[in-house]
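> test case, fold it:
(2 chains)
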There are 2 protein chains.
Amino acid sequence: MAVTEKAPTPVNGVAVDQLLQTVEAVKATPSIAKFKFRVHNRWATGSQNSSCAAAFSGANQELSHPKPFTLEADEPAILLGQDTAANPVEHLLHALASCVTTSMVYHAAAKGIRIDKIESSFEGDLDLRGFLELDPAVRKGYQGIRARFKISADVPDRELQELLGLGTSHSPVFDSLLHGVPIAVLAERA
Amino acid sequence: MAVTEKAPTPVNGVAVDQLLQTVEAVKATPSIAKFKFRVHNRWATGSQNSSCAAAFSGANQELSHPKPFTLEADEPAILLGQDTAANPVEHLLHALASCVTTSMVYHAAAKGIRIDKIESSFEGDLDLRGFLELDPAVRKGYQGIRARFKISADVPDRELQELLGLGTSHSPVFDSLLHGVPIAVLAERA
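Numbering: from 1, shown residues only, chains lettered A, B, ... in the order given. Prediction:
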């Protein structure tokens, strides 16, 4: 009887065989796990600016996207903008939502948990008295963020929160935003 | 001789008269400073998902963008994606770059400092051994973020860093990411 090679089956759209190969490769050569991500931002006017995400490094090499991605930002009229794009704090919520979702999908795939559907709603509280420096007790940033996920997956209802925990406990953006990141900034003459 | 009304002059594309009116309005009614921003995210497959930023609340009312903004996310091939969009940690850098830039532009405008040009490069360090759970000492999130701004503005070179400080010290995303934000997540059956 011929031995047929088993075709690799993606789970949740994730090539689990490649994911496991990546884990083994990183175990053998930890330096390939180091990545640097970058954006280049240009101010247009007022609240309008855009970032370009083109190149990054990882696995000991310089890499680039097939085409550069342009990400726009503006503010709504009530915040004195032209409302041509999502604003920075909405982009922050998108970064968080997308990262928790992808982290959940990958880690569920690695465990063989099939997911059919994920939707999530994120909401963050801002008090502009911080930005406007009207009250030193009011922080500039989000005071809190709440997210509600609706998930259809191959787990009992009582394990849905644990499944979501695979996302929150592994997500780079969730960790960055929950615990904070050191940020260094330098200005020079253009 | 007729007294002519002085037309409000935008500085850096910011309607400074409206900005100062906003400050006075918030002083009179602090509750109008409370905003809630939201995104709704839908997972497509694998590393692909998108967020919609449509409605928000502020100034004691429900508000919405003239049209909903869709923000896409994916991962590059080396991270098992299809590379159709910037990834979540690039979106995080965009949120940060755009917010620091807009915060600098607004606060400079309020002080009457004219800015001609701003460009910035943001770079963040990630070690995937965190995400892959290969070393508990390695964090999942960014280990550090560096930004370099090139600015052309109506200030002496020695004050460029101070000008940039108007951005970092007031930016909601900078504060959120530097100091962290409480995040609550809930999962339920779709």
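
> in chain A, where is pLDDT below threshold?
The model of chain A has pLDDT under 70 over residues A:1-8.

> that one: strands as residue ranges?
A:34-45, A:48-58, A:61-73, A:115-127, A:144-153, A:183-189 (DSSP state E).

> what comes into contact with the first one?
Outside of strand A:34-45, the residues within contact range by C-beta atoms under 8 Å, 6 or more residues apart in numbering or on different chains are A:49-60, A:71, B:12-13, B:86-87, B:89-90, B:93-94, B:97-98, B:101, B:105, B:115, B:117-128. (Glycine included, C-beta is placed from N, CA and C.)

> same thing with the last one?
Surrounding strand A:183-189, the residues in contact under the criterion C-beta under 8 Å, 6+ apart are B:96, B:100, B:144-152, B:157, B:160-161, B:163-164, B:168, B:174, B:177-178.

> stretch A:13-31 now?
A:8-10, A:32-33, A:60, A:105-106, A:109-110, A:112, B:44-48, B:80, B:128-129, B:132, B:134-135.

> are any of those buried, and which?
Among those, the ones that count as buried by 16 or more other C-beta atoms under 10 Å in any protein chain shown are A:32-33, A:105-106, A:109-110, B:44, B:46-48, B:80, B:128-129, B:132.

> in TSV: those, plus distance to residue A:139.
Below are these laid out as TSV (distance: C-beta to C-beta, whole Å):
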residue	distance to residue A:139
A:32	38
A:33	34
A:105	32
A:106	33
A:109	37
A:110	37
B:44	35
B:46	36
B:47	32
B:48	34
B:80	37
B:128	31
B:129	32
B:132	33
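
> so which of these is the closest to residue B:65?
Nearest to residue B:65 among these, counting by C-beta to C-beta, is residue B:44 at 22.2 Å.

> circling back to that earlier point, sort out which of the contacts of strand A:183-189 are buried, if you could.
Using 16+ other C-beta under 10 Å, the buried members of the contacts of strand A:183-189 are B:96, B:100, B:145-147, B:149, B:151, B:160, B:163-164, B:168, B:174, B:177-178.

> ok, back up a step: so of the contacts of stretch A:13-31, which ones are in helices?
A:105-106, A:109-110 (DSSP state H).

> thought residue A:123 was touching residue A:146?
Yes: Residue A:123 is in contact with residue A:146 according to C-beta atoms under 8 Å; the separation is 5.3 Å.

> restrict the buried ones among the contacts of strand A:183-189 to those near chain A?
Subset of the buried ones among the contacts of strand A:183-189 in contact with chain A: B:96, B:100, B:145-147, B:149, B:151, B:160, B:163-164, B:168, B:174, B:177-178, counting by C-beta under 8 Å from any C-beta of the partner chain.

> before we move on, the earlier item: widest-spaced pair of the buried ones among the contacts of strand A:183-189?
Greatest spatial distance among these (C-beta to C-beta): B:160 and B:177, at 22.3 Å.

> what residues are up against residue A:99?
Per C-beta under 8 Å, 6+ apart, neighbours of residue A:99: A:171-174, B:73, B:88-89, B:92.

> ugh, typo on my part, it should be residue A:83
Residue A:83 touches A:74-77, B:65-66, counting by C-beta under 8 Å, 6+ apart.
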